[in-house]
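In: Please find the sequence and the predicted model below.
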Amino acid sequence: QVQLVESGGGLVQAGGSLRLSCAASGRTFSNYAMGWFRQAPGKEREFVAAISWIGGGTYYADSVKGRFTISRDNARDTVVLQMNSLKPEDTAVYYCAAATSWRTIVGDQDKIASWGQGTQVTVSS
């Protein structure tokens, strides 16, 4: 498994921006597709964004398309989620995840073995 540590969460007003980072270690980072999920209080964890292992493909939940951007730096073993035009409904704990295929991240999260500890994002209205 790859170890993941998120950072960059916080409190922001609606319309603002936040940048989440996820640092990976323990395995060859470039062999993994990476993704972000979120879980709001009382709700199930949901997919947010994914990026393929070479960064050529990116995938987003409809709720964040056009506002969030996922990117990766294989030289630094990091994946970033840039979040713009934030809304109160984006409030959640955000988790970084790694899998051998972007298809697993997008459609089969129960098979994801590597998760970060989560970082809180709070958007005030």
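Out: Arrived safely.

In: where along this protein do the helices fall?
Out: For the chain, the helices defined by DSSP state H cover 102-107.

In: ok, which stretches of it are strands?
Out: 3-7, 10-13, 18-25, 33-39, 46-51, 58-60, 68-73, 78-83, 92-99, 114-115, 119-124 (DSSP state E).

In: Residue 44 versus residue 110, what's the distance?
Out: The gap separating residue 110 from residue 44 is 11 Å, by CB to CB, to the nearest Å. Using the backbone N, CA and C atoms, a C-beta is placed for each residue, glycine as well.

In: So the two - more neighbours on which side?
Out: Ranked by neighbour count (other CB atoms under 10 Å), residue 110 and residue 44 place residue 44 first, with 8 against 5.

In: could you measure that one against residue 71, distance?
Out: In terms of CB to CB, residue 44 sits 26 Å off from residue 71.

In: got the contact list for the spatially most central residue of the chain?
Out: The residue lying closest to the centre of the chain (CA atoms, centre = their mean) is residue 36, at 2.0 Å. Counting by CB atoms under 8 Å, 6 or more residues apart in numbering, residue 36 touches 20, 22, 48-50, 70, 79, 81, 94-97.

In: Now it. Nearest residue, chain neighbours left out?
Out: residue 48 (4.3 Å; CB to CB, 6 or more residues apart in numbering).

In: For the one you found, report the pLDDT, please.
Out: We have a pLDDT of 98 for residue 48.

In: Surely it and residue 62 touch.
Out: No: shown here, residue 48 and residue 62 do not form a contact pair, counting by CB atoms under 8 Å, at 10.8 Å.

In: tell me which residues form a beta bridge with the closest residue to residue 60 other than its chain neighbours?
Out: Nearest residue to residue 60, sequence neighbours excluded (CB to CB, 6+ apart): residue 49, at 5.0 Å. Residue 49 has the following beta-bridge partners by DSSP bridges: residue 36, residue 60.

In: This completes my enquiry, with thanks.
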